[in-house]
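In: Need coordinates for the below:
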Amino acid sequence: MHRIPRIVIAGTHSGCGKTTIASGLMAALVARGLVVQPFKVGPDFIDPTHHSAICSRPCRNLDPFMMGEAGVRETFIRGSTGASIAVIEGVMGLYDGLEGTDIASTAHVAKILDAPVILVVDVEGMSRSVHAMVRGYAGFDPDLRVAGVILNRIGSSRHLAMIEETESLPIYGAVPRRNDLAVESRHLGLAMATETGAMARYGAVVEETCDLDAIIDLATSAPPLQDPGTTTPRQEIRARIGVADDAAFCFYYADNLERLVLAGADLVFFSPMADRLPRVDALYLGGGYPELHAEALSSSRCREDLRRAVGDGMPVYAECGGLIYLSDRLTTDGVDYPMAGILPATAEMTGRIQALGYVEARVLGGAPLLVPGSLFRGHEFHYSRLECDRDARFVLDLIRGRGIDGGRDGLVAGNAVGQYTHAYFTDGFVQTLVDAAAEHRRS
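Out: As a prediction, this is how the structure comes out:
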C-alpha cells in the first residue's frame, strides 16, 4: 500500500483561476520545504511546464481516456515516489468529461485516486449565490469528496464577509484579484514557464490568503492506494534517440520520455533551431510553436542534416509541430519559410482552431515505427492545416479525431512518419521505436 498525501484543485469552469491557485499552492508548499509532486488532469502540455518549474519535478498528466484507470493509478504512484505531497490540477470544470460524460473529467481522476477535492470558485460579482453553486457541485456526485473551496477574485474584506454570512463547505482560502500576476496567453494557451515566472510568484499570495496547514491536513487524510504491481524494469541502452527540445518543440508527455528510457533509449536533447543534428539513431520531434520560430528553423542547417539522415533510412517520429517541420514549407503571417522538405505537404497557419479533442487511431499496413492493426489514443489541438500531394500516403485511420485529412493521419516518407496526433505511448510503440533505432544503428 502507498500512503501519498494528495489534493485535487478543481474548478467550476475553465478560467476560474484553478491553474494560478494550483501553481501558487505548489510554490507555497515548496517554500515550506516540502517535496511536491505536480500532476495535471487531461492532455495539456502548457500548465505542466509551470508546475515542473515550480516543483523541480516533472509534472505528469493523468488522463483516463489516454492511459486507462489502471494507468492513472500507476503513473500517480510511480510519479509520487519520494514526494511529501501530491497536488493535482484539474481540467475545465470539475465534472466536464468526454462528450458530456464523466470520462476523463477531474471528478473521474479524483475518484480513481480517492483524493479529496478543493473547488476553486470565481466569486467576482457574487456573494450568497456562491453557496448555491458550491452545494450543487458538492452534492452532484455522492461518490466524490468535495471537501471545501478556495474563493478566488475576492474584491474586498466586505465582499468576503458577505460570503461568509452563509455556510456551505469549509473555506480553505480567499484570494484577492491580482491582475499584476496575470500570465499572458496565445493561441494554444498560456505562455510557457520558460517565458514567465508569474505562476511561481503566486506562492506568496497563496501563503498569505489560504490555510496551508488545513490543506496539508486534508491531503494527508487521503487513504492509502494499493500497489498496481506494474513496475517495468529498465532495459540496457540499445540506441540513441534525439529529442527536439527548444522553444519551437516543447510539447512532450513525461511518461512518453520515461517509457523510451525504460525500453533502452539514451535520449539526446537538442535544438533544431540552434544545433546541428546530433549523432543519433532515431529522432522524436514533438509539438510546440514552429510558427513562432519559423525564421530560425528555416535558416538552421539542422533541416539539411535531417533530410540527409532520413535519406539514409533514419527513423523519425513527429507530432504536430514536428509534422510541420518535416513538411516542405510553412506559411505564417503571409510569409513562406522552407522547412525540412521530407514529407510531401505544405503547412499553413490559420486564424482559427482546425482541430481540438481526443484521438483514437488504428494503424494501417506499411507504417514505419507503428505496428499494423494496433490502436493508440492521444489528443490533437492545432491552428494549422496541411495541403498534401496527391500521392501522399497515410498510415493512421482515425476512429475519433480529424487528423491531417478528415480522419486520416500519419503522413509517411521513407522511415519518417508525421501526424497531428499527440499520442500517449503504449509499451508496444516504444519497443518498436527503440527496435527501429537499434536496427538503424547496426546498418
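
In: contacting residues around the helix or strand hosting residue 23?
Out: Using DSSP states H and E, the element containing residue 23 is helix 18-31. Outside helix 18-31, the residues that touch it by CB atoms under 8 Å, 6 or more residues apart in numbering are 7, 9-11, 36, 38, 47, 50-51, 54-56, 84-85, 87, 89-90, 120, 150, 152, 173, 175, 181, 183, 190, 199-207, 210, 212, 215-216. C-beta here means a position set from N, CA and C on the backbone, and glycine is covered the same way.

In: per-domain residue ranges of this protein.
Out: 6-220, 239-442 (automatic domain parsing).

In: Could you find the closest non-adjacent residue to residue 423?
Out: Nearest in space to residue 423, with sequence neighbours left out and distances taken as CB to CB, 6 or more residues apart in numbering, is residue 378 at 3.9 Å.

In: quick one: that neighbour and residue 260, what's the gap?
Out: 16 Å (CB to CB, to the nearest Å).

In: where do the helices sit along the stretch 101-250 of the chain?
Out: 106-112, 129-140, 157-164, 198-209, 212-220 (DSSP state H, counting those that start in this stretch).

In: so where do the helices sit in the stretch 251-400 of the chain?
Out: According to DSSP H, counting those that start in this stretch, the helices that the stretch 251-400 of the chain contains are 254-262, 294-299, 302-311, 321-326.

In: what's the most buried one of these?
Out: Ranked by mean neighbour count, the helices of the stretch 251-400 of the chain are led by helix 321-326 with a mean of 29 (mean count of other CB atoms under 10 Å).

In: low pLDDT regions in the protein?
Out: Residue ranges of the chain with pLDDT under 70: 178-200, 230-231.

In: contacting residues around the residue of it positioned farthest from its centre?
Out: The C-alpha centroid of the chain is most remote from residue 165, which lies 39.6 Å away (CA atoms, centre = their mean). With contact set as CB under 8 Å, 6+ apart, residue 165 has these partners: 127, 128.

In: Residue 325 too?
Out: Per CB under 8 Å, 6+ apart, neighbours of residue 325: 244, 248, 249, 272, 285, 290, 297, 303, 318, 339, 340.

In: and what of residue 90?
Out: Applying CB under 8 Å, 6+ apart, the residues contacting residue 90 are 8, 9, 10, 11, 18, 41, 106, 109, 110.

In: Now restrict the contacts of helix 18-31 to buried residues only.
Out: Neighbour counting with 16 or more other CB atoms under 10 Å marks 7, 9-11, 36, 38, 47, 50-51, 54-55, 84-85, 87, 89-90, 120, 150, 152, 173, 175, 181, 183, 190, 199-200, 202-203, 205-207, 210, 212, 215-216 as buried within the contacts of helix 18-31.

In: pretty sure residue 154 is in contact with residue 171, am I right?
Out: No: using CB atoms under 8 Å, residue 154 is not in contact with residue 171, being 10.5 Å away.

In: Same drill for those two, tell me which one is more crowded.
Out: residue 171 (21 against 18; other CB atoms under 10 Å).

In: Which residues are in contact with the closest residue to that one other than its chain neighbours?
Out: Nearest non-adjacent residue to residue 171, counting by CB to CB, 6+ apart: residue 149, 5.8 Å away. Contacts for residue 149 (CB under 8 Å, 6+ apart) come out as 118, 119, 120, 121, 134, 168, 169, 170, 171, 172.

In: Bridged to residue 210, which residues?
Out: Beta-bridge pairing for residue 210 (DSSP bridges): residue 173.

In: Kind regards, and thank you for your time.
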